[in-house]
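Engineer: Here is my input, please return the structure:
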Amino acid sequence: MRPEKVRLSVNINKIALIRNSRGGNAPDLLQIARDCERFGADGITIHPRPDQRHIRYSDIPALKEVVRTELNIEGNPTKDFIQKVIMYKPHQCTLVPDSPSALTSDQGWNTIEEKVFLTEVVTELKKAGIRVSIFVDASPAMVEGAATIGADRIEFYTGPYAAQFKADPVKAILAHEEAARVANALKIGVNAGHDLNLENLRYYAQKLPNLLEVSIGHALVCDALYYGLSNVISMYQHQLRPQAIRLDDH
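Structural biologist: Numbers count the residues shown, from 1 in each chain. Next up is the predicted model:
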């Protein structure tokens, strides 16, 4: 069953990257977060990395104070990361297996091989009252593994889908449709993120009727250079409106 609305969480890492490139506080990360919500975002996503090249751990407490929708903190569950997440208690924590040297996330967890480790992390975070999502490739086996671990949701890594979309959208979405059906049967929520944009987002939401949330940062910030932040958030939300998705259903 399709949720009433697919939620748009705006990843503000690239805003922090611009700020950090000059020092100081321009652009103002907190004001951007407030404005994203004011312009219609359903949540704010941040992904602190060990080198803190964009979002810094020191940004988290202030963001927790100003975000009025939902705060999602993504990252590799190192001890330091877990401590910070439990300390500030975001609405959702998305576990991502990126190495310290990774330019960007490029794969999901192997929820079978990492079962013991991920079970410990998920249990600790859920005890703190935090909803937990696990970043996975679009694979039924990985979804089943995430459900066994006790995750509340999975987030599909949509990089391969986006790369293949223009050439063959039907083929690009097949694995995601199959994995989403498994998630629905197991009653585990479905999120998605990575390289989703104004060209491929509506089709993705159309084909995954149980999609709950998308997290979008890089493409949205790039589009904002041309259209402005308020316009762009409206444009992305338009792609996710149930009416717009239904019009494209076949």
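Engineer: For the residue positioned nearest the centre of the chain, which three-state class applies?
Structural biologist: The residue lying closest to the centre of the chain (Cα atoms, centre = their mean) is Ser215, at 3.4 Å. Of the three states, Ser215 takes strand under DSSP: H, G, I helix; E, B strand; the rest coil.
Engineer: Got the phi and psi for the nearest residue to it once chain neighbours are set aside?
Structural biologist: Sequence neighbours aside, Gly193 is the residue nearest to Ser215 in space, at 3.8 Å (criterion: Cβ to Cβ, 6 or more residues apart in numbering). Bear in mind the C-beta positions are built from the backbone N, C-alpha and C, glycine included. The phi/psi pair for Gly193 (degrees, to the nearest 10) reads phi -170, psi 150.
Engineer: Make 15 the starting number, not 1.
Structural biologist: Yes, from this point I'll number from 15; that puts the last item at Gly207.
Engineer: how far away is Gly207 from Phe179?
Structural biologist: 15 Å (Cβ to Cβ, to the nearest Å).
Engineer: just Asn224 next, same as before
Structural biologist: Distance from Asn224 to Phe179, by Cβ to Cβ: 20 Å.
Engineer: any chance you could map the strands in the chain?
Structural biologist: Assigned strands in the chain, in chain order: 21-25, 57-60, 85-89, 106-109, 145-150, 167-171, 203-207, 225-230 (criterion: DSSP state E).
Engineer: Quick one: mean pLDDT over the fourth one.
Structural biologist: Think strand 106-109. Across strand 106-109, pLDDT averages out at 98.
Engineer: who has more neighbours, Asn224 and Phe179?
Structural biologist: Taking neighbours as other Cβ atoms under 10 Å, Asn224 and Phe179 compare with Phe179 leading, 22 against 17.
Engineer: Could you double-check that the more buried one sits in contact with Tyr217?
Structural biologist: Yes. Contact status for Phe179 versus Tyr217: in contact at 7.3 Å, counting by Cβ atoms under 8 Å.
Engineer: Go through this protein and flag its longest helix.
Structural biologist: helix 183-200 (DSSP state H).
Engineer: hang on, isn't Ala233 packed against Leu212?
Structural biologist: Yes. With contact defined as Cβ under 8 Å, Ala233 counts as touching Leu212 (7.3 Å).
Engineer: Specify which residue of the two has the higher count of neighbours.
Structural biologist: Ala233 (21 against 16).
Engineer: Is there a neighbour count for the nearest residue to that one once chain neighbours are set aside? I'd like the number.
Structural biologist: Spatially, and ignoring its direct neighbours in sequence, Ala233 is nearest to Asn211 (3.8 Å; Cβ to Cβ, 6+ apart). Neighbour count for Asn211, taken as other Cβ under 10 Å: 16.
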